[in-house]
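1. Return a 3D structure for these sequence lines:
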Amino acid sequence: MLAVLLVLSLSACGGREKSAAYTMETVMESGVKMTDTLTLNAKGDTVQQITEVVKLDMTGLNTVEQEEVAERSDTIAEQYRAVEGVECTTENADGVYSMTIVIPVSEDTVSKLAEQNLLTITGGTGEISMKSTEESLLENNYTLVEE
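-> Now for the predicted structure:
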């Protein structure tokens with residue numbers, strides 16, 4: 001009986017829902033301060049959804065430069081919107097451009113985003129590991145902000 005309970009409890013842990021958010025700030029060559037926040041929602045070790053919020057603080061740029069950054073960012077947003085299932089919203093106010101991307105993780109969606117260089121994947125596109133993604137984010141200067 002104890003062995004059966006142990007097996008059941010281990011399998012239940014494998015399917016537990018988990019969420020973690022990571023952020024990275026950087027100043028780009030143009031002087032734009034970028035804040036990138038990724039939130040991973042997983043069941044067990046399998047990422048089910050990725051939400052990314054990118055904020056570009058352009059307050060140090062003149063109006064023409066801000067418009068150029070916004071136009072380039074709008075082009076990227078359109079690429080995300082072209083992938084079925086992906087939601088992408090943008091806002092440009094007071095010198096800060098914000099883009100929120102919600103990606104439901106499926107092999108088809110991940111493959112299409114990887115083909116367009118909108119998502120970097122190591123390994124196959126069938127399943128994204130929460131643990132491997134967390135390790136990669138931390139290695140690439142992201143910081144865990146909430147779990």
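
2. Which secondary structure elements does the strand or helix carrying residue 52 sit against?
-> Assigned by DSSP states H and E, residue 52 falls within strand 46-57. Secondary-structure packing of strand 46-57 (3 or more Cβ pairs under 8 Å, 6 or more residues apart in numbering; DSSP states H and E): strand 33-43, strand 96-104, helix 130-139. The way it works is simple: take the backbone N, C-alpha and C, and place the C-beta from them, glycine included.

3. Just the residues contacting the next helix or strand after the last one, thanks.
-> As assigned by DSSP H and E, the chain's next helix or strand after helix 130-139 is strand 143-146. Strand 143-146 is contacted by residues 20-24, 37, 134, 138 when judged by Cβ atoms under 8 Å, 6 or more residues apart in numbering.

4. Same check on stretch 92-100?
-> 51-59, 61, 66, 69-70, 73, 76-77, 87-91.

5. Turn the helices and strands packed on strand 46-57 into CSV, columns for mean neighbour count and mean pLDDT.
-> CSV is the format used below for the helices and strands packed on strand 46-57 (neighbours: other Cβ atoms under 10 Å; pLDDT from 0 to 100):
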stretch, mean neighbour count, mean pLDDT
strand 33-43, 18, 94
strand 96-104, 18, 96
helix 130-139, 14, 89
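
6. Redo these as a markdown table? Include distance to residue 146.
-> Formatted as a markdown table, the helices and strands packed on strand 46-57 follow (distance: least, Cβ to Cβ, whole Å):
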| stretch | distance to residue 146 |
| --- | --- |
| strand 33-43 | 8 |
| strand 96-104 | 17 |
| helix 130-139 | 13 |
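
7. Out of the ones you listed, which is closest to residue 120?
-> Closest approach to residue 120 among the helices and strands packed on strand 46-57 (Cβ to Cβ): helix 130-139, 8.8 Å.
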